[in-house]
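K.L.:
fold the following.
(chains A and B)
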Amino acid sequence: MEEIKSTNFIEEIIENDLQEGKTNEIITRFPPEPNGYLHIGHAKSLCINFGAKEKYHGKCNLRYDDTNPSKEDIEYVNSIKEDIKWLGFDWDQELYASDYFDQMYAFAVDLIKRGLAYVCDYSADEIKATRGDLQTPGQESPWRNRTVEENLKLFEEMKEGKYADGEKVLRAKIDMASPNMNMRDPVIYRILRATHERTGDKWCIYPMYDFAHPIEDGIEGITHSICTLEFEDHRPLYDWVKVNCGFGKEGYPRQIEFARLSMKRTIMSKRYLKKLVDQGVVSGWSDPRMPTLSGMRERGYPPKAIRAFCEAIGVSKANSEVDVAYLEHFVRDNLNKEANRVMVVKDPIKLIIANAQDEVYDIENNPNAEEMTYHKVTFSKELYMERDDFAVVPPPKYKRLVPGGTVRLKGSYIIEYVSHKCDENGNVTEVTCNYIPETISGQANAGMKVKGVIQWVNAKDCVDLTLHDYDYLLLDGDGDFDQRLTPDSHKVYPNAKGEAILREIKPYDRFQFMRIGYYSAVKTYGQDGKYEFNQITGLKDSYGK
RNA sequence: AGGGGUAUCGCCAAGCUGAUAAGGCAUGGGAUUCUGACUCCCACAUUCGCAGGUUUGAGUCCUGCUACCCCUGCCA
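P.N.:
The predicted model follows:
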């Protein structure tokens, strides 16, 4: 038997349940409402639910909580699936809450028959006015004691479409004086004429979350229904529905709450993310600056890094704000282990190697790889180097090229300074060097001491990259977004053919704003599709320190 | 005197039935380096929201208190 150790309180609960023989299979579910794209916060939930499935050899269903047709959109369904797969998770069944509408209706009828639910004629405002408040009990509805027959008839008529939207609701008969607002005769069915993505116009009444969710869990045999903290107050209602609909024989399904993930200076609410998309502040839900999973994918974040991050932040009930640096750590860590390296010059100046001839090198894709692979890099008389890698007047501890100095071209020769040219403003435009023979790795003079190593690309076959600007967003008093663009149009030349993306991390300390995106990696795709190079640059840049 | 939660290092977070504060991130210092990256060393809470109490001994038990989060949708 493998020794499994719980790493958080939810796993501890699960393991106790397993040990005590309460169940022999763990079944969880991931229940997104299809009204937006998944973001990093969902990744935490995904990792908890699918993580339990993997760890305890159980099951996890993907279930769309589509009980409110007016808010949902089929567009999101596919994105959700794609993102879950991208993270590497597999669901057992793909289900929709709407699959259970008939059964939910039947359960509601049953509740009415047993005197546990009634049709209420109050308007939304009247319900609100009679609910009481945090310190005063609510008043019972005058329709609370209708006969079963009358309730049955009315509820059926609601279904038949005999009443206008909002004219009547079905309420659970619980306790108007309960200190828990959720238990003050909560509405469990409302009339809503909206075409449902899946059931069309079949229904004009729709169940509320609190009624629907325990039924969905019950039908699917969910053992652990894991959700976020704000549902703690709903648990008594969850249990009420569960028990009164005949579920919960073994105590399952059991609702467990954890603290949702929030991150410093990061917008995580779907409402605001949607606003960013709708206002055209970003190009869409997958804009690389978005904290969505698709945005992170676009940004070059490896899914494994996101998983490792979720694993590391743990699961607790304490509200907390994780620093973005923690996520970035796992991105760097994963990229360092798995990403192929490529040379990039962001702000190029010409580098002439006066005594050079054309050559081709095999350069390691990733020095950390277990099985080393290589890519070709061409070398010639005319190269580009980074402007910062040459200094006429070097700052203290400068480790790169200076007049009269030497430096190693990564993967190639050691070169020595000959001369340089400046434009009318005194900016360096070109540097000329000679390479020192026999200094390539493995050759006679390779052991020569140099101050540093610099990246370079061959001017003949380098490729232009698109460098995306970074930007800052301010959230003003009205909750609207104000975009602060900081234009920066470097050119980027990797020594591989094809597309590439580069985004930069920039500090953000001047305003009260939320940073929604930053650069993580450069990606280039070989023309033949053979190579995929990833360069970790800009992530932890300590140049010039 | 509404109810439900949470409080351990700048940020996460272990700490189960009391025995004298794990780990990661961040940070500072050093070594190493054909990526100023990575890696490797070293430093980093006499203290666990506060105040009392029980105990030989408390972050862990008891009693008060404080702070923050959630709840008055026919949203989820």
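K.L.:
which residues of the stretch 351-500 of chain A lie near RNA strand B?
P.N.:
Neighbours of RNA strand B within the stretch 351-500 of chain A, by C-beta under 7 Å from any atom of the strand: A:366-368, A:397-400, A:408, A:410-412, A:439-441, A:446, A:452-453. Just so you know, the C-beta spots here come from the backbone N, C-alpha and C atoms, and that holds for glycine as well.
K.L.:
again, but for the stretch 101-250 of chain A
P.N.:
Proximity of the stretch 101-250 of chain A to RNA strand B (C-beta under 7 Å from any atom of the strand) is limited to residues A:122-124, A:127-128, A:131-135, A:165-169, A:179-182, A:186-187, A:190-192, A:206, A:208-210, A:212, A:229-234.
K.L.:
and the residues you listed, which are buried?
P.N.:
Listed as buried from these are A:122, A:127, A:131, A:168-169, A:182, A:186-187, A:190-192, A:206, A:208-210, A:212, A:231, A:234; burial here means 16 or more other C-beta atoms under 10 Å.
K.L.:
could you check how far the residue nearest to A:Thr199 when sequence neighbours are not counted is from RNA strand B?
P.N.:
Using C-beta to C-beta, 6 or more residues apart in numbering and skipping the chain neighbours, the partner closest in space to A:Thr199 is A:Ser98 (5.2 Å). Applying C-beta to the nearest atom of the strand, to the nearest Å, the value for A:Ser98 to RNA strand B is 11 Å.
K.L.:
how about A:Ser98, secondary structure?
P.N.:
Using DSSP: H, G, I helix; E, B strand; the rest coil, the structure places A:Ser98 in helix.
K.L.:
just how off-centre is the helix or strand hosting A:Ala129 within its chain?
P.N.:
Assessed by DSSP states H and E, A:Ala129 sits inside helix A:124-130. Offset of helix A:124-130 from its chain centre (C-alpha atoms, centre = their mean, to the nearest Å): 38 Å.
K.L.:
output the contacting helices and strands for it.
P.N.:
Helices and strands touching helix A:124-130, by 3 or more C-beta pairs under 8 Å, 6 or more residues apart in numbering; DSSP states H and E: there are none.
K.L.:
now that helix: average pLDDT?
P.N.:
Helix A:124-130 carries an average pLDDT of 97.
K.L.:
enumerate every residue touching A:Ser262.
P.N.:
A:41, A:268, A:319-322 (C-beta atoms under 8 Å, 6 or more residues apart in numbering).
K.L.:
swap the cut-off to 10 Å and go again
P.N.:
A:40-41, A:268-269, A:319-322 (C-beta atoms under 10 Å, 6 or more residues apart in numbering).
K.L.:
now do the strands in the stretch 251-400 of chain A.
P.N.:
For the stretch 251-400 of chain A, the strands defined by DSSP state E, counting those that start in this stretch cover A:254-258, A:262-263, A:321-322, A:344-345, A:348-353, A:359-364, A:374-379, A:382-386.
K.L.:
let me redo that: the stretch 1-150 of chain A
P.N.:
In the stretch 1-150 of chain A, the strands defined using DSSP E, counting those that start in this stretch lie at A:27-30, A:59-64, A:94-96, A:117-120.
K.L.:
buried set for the third one?
P.N.:
Looking back up the chat, that one is strand A:94-96. A:95-96.
K.L.:
how close does A:Tyr374 sit to A:Asp17?
P.N.:
Distance, A:Tyr374 to A:Asp17, using C-beta to C-beta, to the nearest Å: 52 Å.
K.L.:
same check, this time on A:Ser286
P.N.:
39 Å.
K.L.:
who does A:Val428 bridge with?
P.N.:
A:Cys422 (DSSP bridges).
K.L.:
and it, what pLDDT?
P.N.:
In this prediction A:Val428 is given a pLDDT of 96.
K.L.:
neighbours around it, how many?
P.N.:
Number of residues near A:Val428 (other C-beta atoms under 10 Å) recorded here: 15.
K.L.:
and for the one 5 residues further on?
P.N.:
The burial count assigned to A:Cys433 is 27, neighbours taken as other C-beta under 10 Å.
K.L.:
quick check: chain neighbours aside, which residue is closest to it?
P.N.:
A:Ile415 (4.0 Å).
K.L.:
which pLDDT value belongs to the one you found?
P.N.:
97.
K.L.:
quick check: buried residues in whichever strand or helix holds it?
P.N.:
Using DSSP H and E, A:Ile415 sits within strand A:414-422. For strand A:414-422, the buried set under the neighbour-count rule, 16+ other C-beta under 10 Å, comprises A:414-417, A:420.
K.L.:
quick check, nearest of those to RNA strand B?
P.N.:
RNA strand B lies nearest to A:Ile414 out of the buried residues of strand A:414-422, by C-beta to the nearest atom of the strand, at 8.0 Å.
K.L.:
who's that closest one bridged to?
P.N.:
Assessed by DSSP bridges, A:Ile414 has beta-bridge partners A:Arg408, A:Ile436.
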